[in-house]
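*Asks:* Test case, fold it:
(2 chains)
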Protein chains: 2
Amino acid sequence: MSDQRVVRPTPISGFPEWSPQVRAVEQRWLDHIRAGFESFGFASVETPSVENLDVLMAKGETSQEVYTLHRLQADAKDDSDARLGLHFDLTVPFARYVAQHFNELAFPFKRYQMQRVWRGERPQEGRFREFTQCDIDVINVDSVPLHFDAELPRIVHRVLSGLDLPAWTLNVNNRKVLQGFYEGLGIKDPIAVIRAVDKLHKIGDDGVRRILLADGLTGEQADACLALARVRGTGSGVAERVRGLGVSSELLDEGLEELSFVLEDLADLPEGSVVADLSIARGLDYYTGTVYEASFDDDPGYGSICAGGRYDDLAGQFIRRRLPGVGISIGLTRIFAKLVAEGRIEEGRACPTDVMVVVPGAERRREALRTGELLRGRGFNTEVFHSTAKVGKQIQYAAKKGIPFVWFPPFGEDGGHEVKDMGSGEQGPADPATWTPVSPESTE
Amino acid sequence: MSDQRVVRPTPISGFPEWSPQVRAVEQRWLDHIRAGFESFGFASVETPSVENLDVLMAKGETSQEVYTLHRLQADAKDDSDARLGLHFDLTVPFARYVAQHFNELAFPFKRYQMQRVWRGERPQEGRFREFTQCDIDVINVDSVPLHFDAELPRIVHRVLSGLDLPAWTLNVNNRKVLQGFYEGLGIKDPIAVIRAVDKLHKIGDDGVRRILLADGLTGEQADACLALARVRGTGSGVAERVRGLGVSSELLDEGLEELSFVLEDLADLPEGSVVADLSIARGLDYYTGTVYEASFDDDPGYGSICAGGRYDDLAGQFIRRRLPGVGISIGLTRIFAKLVAEGRIEEGRACPTDVMVVVPGAERRREALRTGELLRGRGFNTEVFHSTAKVGKQIQYAAKKGIPFVWFPPFGEDGGHEVKDMGSGEQGPADPATWTPVSPESTE
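*Replies:* Alright, predicted model coming up:
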């Protein structure tokens, strides 16, 4: 063995991997989020990890780097895989899914999707190149009721409140407000302004103003754009403040009505959970109305932990139907990895075993197996020790793995079953058919 | 819209995708398998979808085609991703995981891992290029107790018996029996014989005999190899029949002892669930002792639905420690896709909603939302209708989605709550704080 070449494995930058103790918590989070999504009637969809490149690129320019697949042993003549790329989000695959299966789906189609996505980021930036997103989206034929724009933040609020996260805020805006406001100012290329304002939190007022002036805006127009971006609040005051800036257009009115509907519909949520922030633009993305972006209050620079919005013609790229949608994505790995790195996750157990059954000797193994079956049938995760080592070594193993109970089947014909609580050290007689732990929380 | 270019999406061969109704069943299967694995004390591990190519290739020759990743917009100078490949199974990544995290793990380390894997198969063969595997493995320092070789088929039997599958058999063999037998016959290259015998079910006795003779075996040697491959059965009779063939070697004795231990340990399982089949070899794979392979009784040609075995030096490729392991993998997608294609899956509901709350009018939406919250808090998946359409249209939507109950909040100040059972058509008064469905199975 010693003369054998060893390939020393090293972590691959951007591809997170957890210990069993951390993975147990991640799985609990995923289960919690899934149950939350289903409690609002969203159906599960999973799509392949890859899409054809023309699907991934259907909206033209994208800010996301795509990984393409190549067969290692492909011969030159066969380029059948060359058109496949790993998906960089779950919204484009979902829009494609709805278009492709249009005739089999009942609309409005409400789905959740929890999968890994990949982005070919440069490794040195310390960004994730593989991460899990948890998305909910609604796509409907012709139009999506505005109620959904309000329901999605409600669901996210409900779901994330059940996890032990540091304080966070879900910011909401509406692209129509931005575009309508810029049009009302007489600006020719509102999209260019949206892109500039999207950089506000990175480059500040002065930086954005410089870009806007370079783009040909007057100082007055640039100042008005920055004044709009400073509007932040809840309730009907938001629309009033925007109108107070003295700009008007039909599209602006439409956007303010939509934004106000969402804010009013969510007024019953705790103060400050959902806040209008007119600087939120969602840059290069495909959104056309409501946009969402959530971040941690104590670390807004970390970036968005949830994002989404309304896209009015994404699925329409794939079918001659109008299939608008609205959706929001929880950046599970972004959130989770930060808390892990900061030591804010209370780690789970090293293994899910509730009870370890001791094997007193080779000749009593069958009986130990039967005891294990019995306890397992009663809902306890139970492992039977894997050899006939000395009893002391068996108990040591249970201690090392953090197993809360050790079970002793009868050692002789006359003896009885006993169980040891590894936490308290107490040991006493117990019947495998009726036993329940005194401290049930230890088998959670 | 009509002048817009449409990218017609087409299914990508080898990348399965399910309807929500089928996906609901797949998720139920995954939950069932996970609970089964945990009930035996196995801990969850997930690894990145990619490994460095030298890890994937650590065992040299592999029968699996690997997909490598490339950034679409990579510049020529940056080949940092060129060494990444999607994993083709979960055993190699797990062996790498154990070596890499050696100091943080408690041994014997028992893990389950349920993830997608990728193989760059030629699409025209109709094979899966992306599919989900559900693996359990044990890796230990220096040696793995033989008890685990018996426990793994027991777990698979327990888990798959809970799914409604057509009859299947788990075949077990031991590479040491094969190798020891061939050595006892004086054959120089037992691995070549293992590869030839592995083709038995495809090319038959004559085909294998032809290869063996071409490889330089005598007719007598070839006949003995074929006689061994015909041995099949349970209990102690298996070893007796092999010994009856008149060949002996130390390795053969060792293999027969191991195989007999596994068969005897599993003697309490229903007759025929685990059967020794001495033709099973697992071809090019990395196994060194026990090997497993399960297939459907009525369609053995479909190939293996579970496979695995004991690998004595896989993790040792990555660390200067002896870290043998034993594992078995359930080919979830292989099994599931076949049953879907044959119409043997009873589809789930189109959505998980138990109760849809009617919105009698815009002014009563807040009350409908409160009713929804109340029912959701009591464990019912509840959606509140998404607009203020006519009540008839709202009920139609519930019927179309297969939602079992429709809830009517009070229409006026004096009215009360009512609920309609969409199955029976019955409607009557109900209190959202105490209501439970008469037929609880409809909200499963």
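*Asks:* any weak-confidence spans in chain A?
*Replies:* For chain A, residues meeting the criterion pLDDT under 70 lie at A:1-4, A:60-64, A:74-82, A:123-126, A:284-285, A:439-444.
*Asks:* hmm, the longest helix along chain A touching chain B?
*Replies:* Criterion DSSP state H: the longest helix present in chain A is helix A:20-39. Yes: for helix A:20-39, a contact with chain B is found by Cβ under 8 Å from any Cβ of the partner chain, at A:Pro20, A:Arg23, A:Ala24, A:Gln27, A:Glu38, A:Ser39. Every C-beta, even on glycine, is put in place using the N, C-alpha and C of the backbone.
*Asks:* Over to stretch A:315-333?
*Replies:* Yes: applying Cβ under 8 Å from any Cβ, one finds stretch A:315-333 touching chain B at A:Gly316, A:Gln317, A:Phe318, A:Ile319, A:Arg320, A:Arg322.
*Asks:* Can you give me the end-to-end span of that stretch?
*Replies:* By Cα to Cα, to the nearest Å, the extent of stretch A:315-333 from end to end equals 27 Å.
*Asks:* buried ones in it?
*Replies:* Using 16 or more other Cβ atoms under 10 Å in any protein chain shown as the test for burial, stretch A:315-333 gives A:315-319, A:323-333.
*Asks:* Taking those, tell me the two that lie furthest apart.
*Replies:* Maximum pairwise distance among the buried residues of stretch A:315-333 (Cβ to Cβ): 31.5 Å, between A:Ile319 and A:Thr333.
*Asks:* related to what we said a few turns ago, could the residues of stretch A:315-333 next to chain B be laid out in CSV, adding secondary structure?
*Replies:* Listed next are the residues of stretch A:315-333 next to chain B as CSV, based on DSSP: H, G, I helix; E, B strand; the rest coil:
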residue, secondary structure
A:Gly316, helix
A:Gln317, helix
A:Phe318, coil
A:Ile319, coil
A:Arg320, coil
A:Arg322, coil
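*Asks:* Closest to A:Ser304 out of those?
*Replies:* Using Cβ to Cβ, A:Gln317 is the member of the residues of stretch A:315-333 next to chain B that sits closest to A:Ser304, with 24.5 Å.
*Asks:* In contact with the closest residue to the closest one other than its chain neighbours, which residues are there?
*Replies:* Nearest non-adjacent residue to A:Gln317, counting by Cβ to Cβ, 6 or more residues apart in numbering or on different chains: A:Ala58, 4.2 Å away. A:Ala58 makes contact with A:Val92, A:Arg96, A:Gln317, A:Phe318, B:Val7 under the criterion Cβ atoms under 8 Å, 6 or more residues apart in numbering or on different chains.
*Asks:* Try it again at 10 Å.
*Replies:* Listed by Cβ atoms under 10 Å, 6 or more residues apart in numbering or on different chains, the contact set of A:Ala58 reads A:51-52, A:92, A:95-96, A:286, A:314-318, B:5-7, B:9.
*Asks:* Would you mind checking those for buried ones?
*Replies:* For the contacts of A:Ala58, a burial check counting by 16+ other Cβ under 10 Å picks out A:Glu51, A:Asn52, A:Val92, A:Ala95, A:Arg96, A:Tyr286, A:Leu314, A:Ala315, A:Gly316, A:Gln317, A:Phe318, B:Pro9.
*Asks:* Quick check: which helices or strands does the helix or strand hosting the first one pack against?
*Replies:* This points to A:Glu51. Under the criterion of DSSP states H and E, A:Glu51 resides in strand A:50-52. In terms of contacts (3 or more Cβ pairs under 10 Å, 6 or more residues apart in numbering or on different chains; DSSP states H and E), strand A:50-52 is packed against strand A:67-71, strand A:84-86, helix A:91-100.
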